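In: Here is a sequence together with a model predicted from it:
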Amino acid sequence: MPPFTVKLCNYCSQQGNLRCTRCKKTCYCSVACQSEDWNAHRHMCKPITWRLQVNNGDVTCSQRVYLRDLRKNDITKGMEIQVSVVELHSPGRFFIHVQSPELVEALRAVTVELQKTNGGSLGTDYKPDTGEVCAVKYSLDQNWYRGVVQSVAADDGNAKVLYIDFGNEEDVTLDRIKPLAASIEPIPPCALECSVAGVTPVTDSWMGVCCIAVRQLVAGKSLTLTVVDTPENDRTYAVDILLTPIGKQLSTFLMDQGYAVREDVNKKRAEQDVDSLVSASLENFRRQSGGKNENMEAQPPDPLTQGLGDTFAAMVTHLQSPYDIICQKLDNASVIQELHLKLRDHCSQAPASQNFRPAPGTVCCSLFYEDNQWYRAKVLAYSSEEKVCVGYIDFGNSEEVELSRLCSISSELLALPMQAIPCALAGVRPTAEVWSEETVLMLRRMVCNRFLRVEILGEREGMALVAMIDEASDPQGNVAEMLVATGYALPSNHQDEEPTTKGQAEGPAVAEKLQWTCAELPTEGQMVALVVSVMENPGEFYCYKYNQEDLQVLAELGAELKRHCEADITPFTPSVGEPCCALFSGDGAWYRGMVQGVWAGSKARVYFVDYGNTSDVEQAHLRAITPGLLKHHFLAIRCWLAGVEPLSPQWSAESIVRFQALCVGQQLHARVLFITERGYGLQLDSSGQNVATTLLSEQLAKAPGQSQALAKSVPTVPKIPQQKPAIQRDTTTTDKFPLDWRTVELPRNETFQPCIAAVVSPSLFYLFNPSHVYVERLKSVMMDLAVYCTTKALPSRCKPIPGAACCAQFSGDKNWYRAVFLETTETEASVIYADYGNSEKLPFASILPIPTEFLELPFQIARCALTGKEHFPSVWPVEVLELFSALLSDGVLASVQDFDGNSNLLSVTLQIERGGGHLNTMILEGLQSTQTGSAKTRRQEPGKTKTPIIATARVTPATAPVTPATAPVTPATAPVTPATAPVTPATAPVTPATAPVTPATAPVTGVSVQISVFLWY
């Protein structure tokens, strides 16, 4: 019975059963309320536009639906709500589900109604409007969902749609789009579009590494979200999210990691003409300055003086580019701290004054928005009559503040020189006309939050030309040289500050034209084939992409380099950071290289950019390189193995040898997990083995953050067994992958239509039984399981058997769930997710042993077997397994006869419309028939063994589960609750209302053929 909907009066909120005769949507309780509401309602009251719809020959009229016709969300500014991220494109665009029972039920009801109204009808030639909300058939699971049409290509016969309840997008053909039926409730979009408030990316768009980092932090988790701003169109919410594990807001995390900067509200204003800005600022200042304190006596203090050749320890406090850096001397840290205390005392005692209006160029105290502390600031300009732009003279940054956040300053507080030291990095110049955002981001990673040694080499335009050395690195790294070596900058002579003559300019003209690029790996989670070229250790190795294009490039480069270098014998003077051609002593061939250092004795340290090795080369064996030889990107890619650390400070020889054995000479499959200064952090698979897991299991490495003692205490299979092998294997398997997990005991002697989750054999199959869900306990188990799998769990070398329990990492959202093995091979296993009923194949790297404490709460799948299992064989004939799987998924009735302490014993019959019959009897008869012909079969196929067939129920949940990346998807790939997908089990446990549709609604074709063949046999 459908739920009863109460319609409320749009004016008085009482029950209203009357509708506006014009728009046919807004309800009222009386004509009086409609009249009172007309002044407001008339602006949105639109006459109905009708469309024709043909159903079984009958022509009916229905109304086009747009986003404005849906109900509005009650999300307001300042609200704090619990959400889960269901689709993340970038920090600037992602979609959330609000965690509430109302949303769960509303989404379930809409999805069920969509399947009901569209499931049995044929496609039409319907032409949707852009912006129209329609019923759209999703390509992955062939179910219908609500989607808004973003664009229509009528000539190509397709449209781009956004699934408004899940947040994912897809290009679909027009025959998969239908008008939204009038019976579909106009609930608001369940997936709310959001962006992180207050920040913008440091480059033109959000970088791939940033999106990976954010996805790891938020995907599949229950999050506390604060609504910072609600736009007028109610479409995209400006929000911030509390990242509980690290104790920071998402916006702060993005800025701390160098992915984003604080949003500049005056960016457009800064792009205007400078003269007009100055005039406007002065006008804003003067407009209300009559008779007020203009602070003219507070002039900026003297700058901190430094001499040529001075060296000091410093920290960077502000950075715009390599030519615009602000640093502070570490020796002055105590002086700066004392100044801050004095500023706080001074401003707390100074009376608030409405008469204080400091003139541009003067210095005052300003309350910084980030930490609400007082700092010395210079007034730069008045952006309005009540707002002023200030620059913090001890740190170098600036911001816009209200006049109420300023305070006059005393002469005592102006005695200390300005502590911000303006610097420009010497020895580098941009690869283009201006510094790229990528270079700025790399420089931030090199110098921010680090102690540096700064040496003053010269002066330019009032700024100190400096060299910066990171003394914490080993070996110590010169920042300018690292920028050049990595291709983010070109070398430059910092002493050449005078204008050059034409003759002088002609010399480096060729060098300025040299530009090159480096090979990159995809950062969106794709697997890519790699081959190792140089192996140092698991923490540093070099690869190149294994594809025909790059292999062809290597072959062509070898011939081109040989011709060029043998023809050009001009002496070459190497310079650090400059590409060149270099003769490799190992084989006497020429290769492309990058000069990393120049030593006494006419030698240069050269990095071979297509392979990753480094060698000292005689200058006589170096040649200048031409732009034509740089048109192909450098092929070597610096990498490190993610998920492992050495047991001691350095990698052991045994670990390196094992790593080489796994990787060298093998085609590897890799996925990028991290990007750091060390290169790409990779997940590596070699011949079906996860390399990191192998090193961990063999005690040749430890997990990040794990102590050496704990790593060595991990139980593994000993090389010399201490007891009988059979006993050892059984004990280990039971300890790691328990078989005696608790299954729910189904009611006896009650006939029901089972929902089949997976079938192994008549001796072992699983029903999905979400009838009793302990919401809080399941939430707690899922949270504890996630912590265990990500921080404590270690892989097992034991091969599990079907029916054993485990922890499995779902491929769709990378979260961990309780699961049960269905089938195993040498490299992968089929598992069923024990609380959701869907199954998939996973590599053993995505499977972990499960402790017994996570098995106390019963699974949502029930372990079952047919009655008469004492007569069943240990290995089933394939023909019987195929018959059983087909019949079981073809709409059967079952009743529980007994429970043997391990499984529910079922008696199963076919439905009358399918011919009736007792399935238990049919299976036993089929078994006897196959055994009769077994001798003949053995003579025809000597030695051939038959593998059990794993069959999963051919049914689709009423509302298809959704993964955060590709929602909505079929139930075979998403362990999520059917009605609210994708929501993690910690926030949205399965309820009976969301149980998958029974098999009777999805009959399997071809069953009669299988039956007839069996009977003939």
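Out: Yes, it's here.
In: What residues sit buried inside stretch 385-395?
Out: Within stretch 385-395, the residues that qualify as buried are 387-395, counting by 16 or more other C-beta atoms under 10 Å. All C-beta spots, glycine's among them, are computed from the backbone N, C-alpha and C.
In: Between all of those residues, which two are separated the most?
Out: Within these, Lys387 and Asp394 form the most distant pair, 22.1 Å apart (C-beta to C-beta).
In: Look up how far Arg863 lies from the closest residue to Pro873 other than its chain neighbours.
Out: Nearest residue to Pro873, sequence neighbours excluded (C-beta to C-beta, 6 or more residues apart in numbering): Leu927, at 7.1 Å. According to C-beta to C-beta, to the nearest Å, Leu927 and Arg863 sit 21 Å apart.
In: cool, and Asp898?
Out: Applying C-beta to C-beta to Asp898 and Arg863 gives a distance of 13 Å.
In: more crowded one of these two?
Out: When Asp898 and Arg863 are compared for neighbours, Arg863 comes out ahead with 19 against 13, by other C-beta atoms under 10 Å.
In: Mind pulling up the pLDDT for that one?
Out: Here, the pLDDT recorded for Arg863 equals 88.
In: Thought Thr743 was touching it, still the case?
Out: Yes. Contact criterion C-beta atoms under 8 Å: Arg863 and Thr743 qualify, at 4.1 Å.
In: which residues are common contacts for these two?
Out: Listed as contacting both Arg863 and Thr743 by C-beta atoms under 8 Å, 6 or more residues apart in numbering are 902-904.
In: now the residues you listed as CSV including neighbour count?
Out: Converted to CSV, the shared contacts of Arg863 and Thr743 look like this (neighbours: other C-beta atoms under 10 Å):
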residue, neighbour count
Asn902, 15
Ser903, 21
Asn904, 22
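In: Backbone dihedrals for the residue nearest to Pro873, please?
Out: Dihedral pair for Leu927: phi -70, psi -40, per degrees, to the nearest 10.
In: tell me the contacts of it?
Out: Applying C-beta under 8 Å, 6+ apart, the residues near Leu927 are 872-873, 876-877, 880.
In: swap the cut-off to 10 Å and go again
Out: 762, 871-873, 876-877, 879-880, 883-884 (C-beta atoms under 10 Å, 6 or more residues apart in numbering).
In: go on, Gly147?
Out: Counting by C-beta under 10 Å, 6+ apart, Gly147 has contacts 128, 132-138, 159-166, 168-170, 172, 176-177, 180.
In: again, but for Glu828
Out: By C-beta under 10 Å, 6+ apart, the contact list for Glu828 reads 688, 841-847.
In: and those residues, which are buried?
Out: Neighbour counting by 16+ other C-beta under 10 Å classes 841-847 among the contacts of Glu828 as buried.
In: want to throw these into TSV with pLDDT and secondary structure?
Out: Shown next, in TSV, are the buried ones among the contacts of Glu828 (pLDDT from 0 to 100; DSSP: H, G, I helix; E, B strand; the rest coil):
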residue	pLDDT	secondary structure
Lys841	89	strand
Leu842	89	strand
Pro843	86	strand
Phe844	82	helix
Ala845	80	helix
Ser846	85	helix
Ile847	87	strand
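In: Low-confidence stretches in the stretch 351-500 of the chain?
Out: Scanning the stretch 351-500 of the chain for pLDDT under 70 picks out the ranges 474-475, 493-500.
In: please redo it, this time with the cut-off set to 50
Out: Within the stretch 351-500 of the chain, the segments meeting pLDDT under 50 span 494-500.
In: And the helices in it?
Out: For the stretch 351-500 of the chain, applying DSSP state H, counting those that start in this stretch gives helices covering 437-447, 479-485.
In: Please identify the most buried of the ones you listed.
Out: Across these, the average number of neighbours (mean count of other C-beta atoms under 10 Å) peaks for helix 479-485, which reaches a mean of 23.
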